[in-house]
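Trainee: Fold the following.
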Amino acid sequence: MIYALQDPSFEVNRAARLAVRPVGRERTPLICIDNFAVDTQGLVAAARDNAAYGPDPTSRYPGVRARLPEAYVRAVVGSLLRLLFEVYKVPTSFGLKIVNAVYSLITTAEANLEPPQRNPHFDSVRPHYLAILHYLGEGPFCDTGLFRHRETGFESLSAARMDSYAEARARYEAAHGEPPCAYIKDSNDQYELYDRIEYRPNRLVVYPGAVLHSGLVDPDIDISADPVHGRLTANLFVDFVEAGAKRHE
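Mentor: I've put the predicted structure just below:
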């Protein structure tokens, strides 16, 4: 089905190519949809003309973000909802909550990165929290890397794993110091890059927020505050909660 927006310049493409593949030793399902939109020009134009950018107060994202058009968000969620329930085995009694829905542009120079921004990160340890990433810029831009923490072997985090992960991180930094002031671009002594989501314009991907991941940022190419020529992405973060239950971050 095509989901039409109030802005007719965006439609979900009925001929989009869907693939679902397990990644890593933990065999985490990753959804990849190529040619997701019929056309992204209207969405990029809105990012250029109508979006107000600033730091994201909910995360340490190394750049600026702006609110996505509500009609786009409704179209994406509407087109994916059944697939998300099936692939991620979400209980049918749960309902979807949109946590954040933003345009994103990487703008932070490597010299200005805070220590947590130099390592892979996770978005949430909640079991049904998902990240939806839509590559909008024409590129070429950096891929998204998936990482394994070498000492623990963790590829994703959970509430039960947090203490051992934090303790291992603290031991490593006590012995070796803070990570270099640079974006992580490949495997290192602490993390192994085991998979990567290739950047392709108009590719949409979904993965659990608990997965350790990072943009493999090339400062010469990927850092730009220009929505038209920079690494513009649409990012939706959604959570599934039991009907009547309150969501806790």
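Trainee: average pLDDT for the top strand by length along the chain?
Mentor: Secondary structure of the chain read by DSSP state E shows that its longest strand is strand 94-106. Across strand 94-106, the average pLDDT comes to 97.
Trainee: I'd like the next helix or strand past it.
Mentor: strand 130-135 (DSSP states H and E).
Trainee: can you state the direction angle for that following strand and strand 94-106?
Mentor: 40 degrees (axes from the mean of the first three to the mean of the last three CA atoms, to 10 degrees).
Trainee: now the angle between strand 130-135 and the helix or strand just after strand 130-135, please.
Mentor: Beyond strand 130-135 in the direction of the C-terminus, DSSP H and E gives the next helix or strand as strand 144-149. Here strand 144-149 runs at an angle of 140 degrees relative to strand 130-135 (the same axes, to 10 degrees).
Trainee: doesn't V217 fall inside a strand?
Mentor: No: counting by DSSP: H, G, I helix; E, B strand; the rest coil, V217 is not found in a strand; it is coil.
Trainee: what pLDDT does it get?
Mentor: 98.
Trainee: same question, I2
Mentor: Confidence score, pLDDT, at I2: 32.
Trainee: So what touches stretch 35-50?
Mentor: Stretch 35-50 is contacted from outside by 2, 7-13, 15-17, 66, 69, 72, 103, 134, 136-137, 201-204, 227-228, 232, 234, using CB atoms under 8 Å, 6 or more residues apart in numbering. Quick note: C-beta positions are derived from backbone N, CA and C, even for glycine.
Trainee: Can you show me the helices along this structure?
Mentor: 41-49, 70-87, 162-176, 219-222 (DSSP state H).
Trainee: The longest strand of the chain pairs with which strands, parallel or anti?
Mentor: Paired with strand 94-106 in the same sheet, following DSSP bridges, are strand 63-67 (antiparallel), strand 233-242 (antiparallel).
Trainee: Could you figure out how far that strand is turned away from helix 41-49?
Mentor: 60 degrees.
Trainee: Go through strand 94-106 and flag the buried ones.
Mentor: Within strand 94-106, the residues that qualify as buried are 96, 98-106, counting by 16 or more other CB atoms under 10 Å.
Trainee: Mind putting the strands paired with strand 94-106 into TSV with mean pLDDT?
Mentor: Output for those, formatted as TSV (pLDDT from 0 to 100):
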stretch	mean pLDDT
strand 63-67	97
strand 233-242	96
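Trainee: now those strands as TSV including distance to Y191 and mean neighbour count?
Mentor: TSV is the format used below for the strands paired with strand 94-106 (distance: least, CB to CB, whole Å; neighbours: other CB atoms under 10 Å):
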stretch	distance to Y191	mean neighbour count
strand 63-67	21	20
strand 233-242	22	20
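Trainee: Looking at these, spot the one closest to P91.
Mentor: Among the strands paired with strand 94-106, the nearest to P91 by CB to CB is strand 233-242 (7.3 Å).
Trainee: Off-centre distance for the closest one?
Mentor: For strand 233-242, the gap between its own C-alpha mean and the chain's C-alpha mean amounts to 10 Å (CA atoms, centre = their mean, to the nearest Å).
Trainee: start at 31 instead
Mentor: Done: numbering now begins at 31, and the last item shifts to strand 263-272.
Trainee: Check the offset of stretch 256-268 from the chain's centre.
Mentor: With CA atoms, centre = their mean, you get 10 Å for stretch 256-268.
Trainee: got the CA positions of it in CSV?
Mentor: Only the C-alpha atoms of stretch 256-268 are listed here, as CSV (Å, rounded to 0.1, in the frame of the first residue of the first chain):
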residue,chain,number,x,y,z
ASP,A,256,23.9,21.8,5.3
PRO,A,257,20.7,19.7,5.0
VAL,A,258,21.0,19.6,1.2
HIS,A,259,24.6,18.6,0.9
GLY,A,260,25.3,17.0,4.3
ARG,A,261,24.7,13.5,5.8
LEU,A,262,21.0,14.2,6.4
THR,A,263,19.1,11.3,8.0
ALA,A,264,15.6,10.9,9.4
ASN,A,265,15.7,9.1,12.8
LEU,A,266,12.7,7.7,14.6
PHE,A,267,13.0,6.0,18.0
VAL,A,268,10.0,4.0,19.0
